[in-house]
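Enquirer: just a sequence and a predicted model for now, questions to come.
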Amino acid sequence: MMNKTMNFIVDLRMRHRKQFLSMTFILSLIVCMLSVAMLMIGNTIYPVSDVVRVLMGEDIKGATFAIETIRLPRLFAGLFAGFAFGAGGYVFQTMLRNPLANPNVIGITAGSSAAAVFCIIVWQASNTVVSIASIVGGLATVLLIFGLAKGASFSIGRLILIGIGIQAMLSAVISYLMLIGNTHDIPTAMRWISGSLNGAKMSNLSPLLFTVILFVPIMMYFGKGLKILELGEQAALSLGVHTNRTRLVLIVSAVMMIAVATATTGPIAFVAFLSGPIANRFVGTSYSNIIPSGLVGAILVLGADLIGQYAFAVRYPVGVITGIVGAPYLIYLLIRINRKGKL
């Protein structure tokens with residue numbers, strides 16, 4: 001009887017591992033396909049052979065400028081920002097054991113946006129200052145939300161409600177700044193808060209690339225304890241997980257990635273919100289889905305950008321498309337959670 005049970009457990013684990021690896025590979029393949037499409041499609045469609053030749057360093061009239069100067073930076077911005085939003089959102093949702101506990105809903109991206117819009121409207125600051133202010137604003141918002149939610153004892157529901165309230169307040173601040181801003185500053189601010197890959201330049205992407213490359217391995221290492229944290233504080237401690245250290249490292253890593261991504265592309269709506277649940281649905285929940293969630297985030301951003309740029313007569317920022325997709329799911333999730341009485 002014992003042998004049968006052990007064999008069943010081993011077989012089940014092997015199936016879960018196979019599902020995880022196979023679905024992660026499929027998600028990676030989709031990302032590669034969308035990346036190629038981002039380099040091929042534009043005002044002029046270039047064949048794959050021309051794209052490869054340009055990437056290999058060959059100079060092709062017209063194609064070299066379009067691919068290296070315009071499309072490649074746009075691809076990197078969407079790829080790394082999408083991955084950062086997806087992985088960071090998954091960490092928040094899993095660690096706090098609530099799908100609403102993500103940076104979009106609890107106001108972290110709103111803090112980054114408010115700081116950036118203030119710099120654009122009031123100070124007419126440079127892109128560098130706007131980016132730094134966006135990161136600082138996101139970090140300050142996190143500290144404020146967690147400080148107010150702590151109280152006598154930490155409550156996830158309290159954190160979400162406080163976060164929603166702060167997001168509403170910051171959204172009002174952004175609206176006020178837009179009303180008092182100069183006419184020539186409004187388009188810049190609007191483009192930024194909508195979430196857009198327009199104007200991406202390789203020279204401006206270094207902080208984003210560095211942050212993702214630095215923090216993803218850290219998140220993967222500490223993510224081993226992320227699934228155990230879902231069992232509760234006492235269970236995690238009994239299994240040898242340093243809960244406070246794990247939470248601190250994961251929160252700092254997720255917030256830094258999301259803040260830098262927001263500073264680079266603006267707050268691309270609902271990517272952090274949707275990526276984790278989609279990854280869990282396709283990959284399963286037996287393993288830490290940091291990488292699959294990041295890949296889903298990249299797919300959402302790249303796919304939405306292609307749709308927004310070329311599927312309609314008018315070109316829309318990527319954040320508009322992801323917002324159209326994500327808003328109905330948020331409403332559905334709020335209704336479902338309210339019926340269960342978990343909020």
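Expert: Yep, that arrived.
Enquirer: contacts for whichever strand or helix holds R336, please.
Expert: Applying DSSP states H and E as the criterion places R336 in helix 318-340. For helix 318-340, the external contacting residues (C-beta atoms under 8 Å, 6 or more residues apart in numbering) are 78, 99-100, 104-105, 194-197, 265-271, 273-274, 300-301, 304-305, 307-308, 343. C-beta here means a position set from N, CA and C on the backbone, and glycine is covered the same way.
Enquirer: again, but for stretch 297-306
Expert: 27, 30-31, 34-35, 37-38, 41, 74-75, 78-87, 89, 197, 268, 271-272, 274-275, 318, 321-322, 325.
Enquirer: what's the answer for stretch 156-176, then?
Expert: Under C-beta under 8 Å, 6+ apart, the answer for stretch 156-176 is 96-98, 100-101, 105-108, 110-111, 113-114, 117-118, 141, 144-146, 148-149, 151, 193, 342-343.
Enquirer: among these, name the ones in helices.
Expert: Counting by DSSP state H, the part of the contacts of stretch 156-176 found in helices is 108, 110-111, 113-114, 117-118, 141, 144-146, 148-149, 193.
Enquirer: residues in contact with A116?
Expert: Contacts of A116 by C-beta under 8 Å, 6+ apart are 130-131, 133-134, 137, 189, 192-193, 262-263, 266.
Enquirer: which stretches of the stretch 201-343 of the chain have low pLDDT?
Expert: Applying pLDDT under 70 to the stretch 201-343 of the chain picks out residues 230-241, 243, 337-338, 340-343.
Enquirer: check which helix or strand covers the nearest residue to L144 once chain neighbours are set aside.
Expert: The shortest distance from L144 to any non-neighbouring residue, by C-beta to C-beta, 6 or more residues apart in numbering, is to I166 (6.7 Å). Element membership for I166 (DSSP H and E) is helix 156-180.
Enquirer: so how far is that helix from its chain's centroid?
Expert: Taking the mean of its C-alpha atoms, helix 156-180 sits 19 Å from the chain's own mean (C-alpha atoms, centre = their mean, to the nearest Å).
Enquirer: how about it: buried residues?
Expert: Within helix 156-180, the residues scored as buried using 16 or more other C-beta atoms under 10 Å are 156, 159-164, 166-167, 170, 173-174, 177-178.
Enquirer: could you do stretch 212-221 as well?
Expert: So for stretch 212-221, counting by 16+ other C-beta under 10 Å, buried means 212, 215-216, 219.
Enquirer: quick check, distance from stretch 257-266 to the centre of its chain.
Expert: 9 Å.
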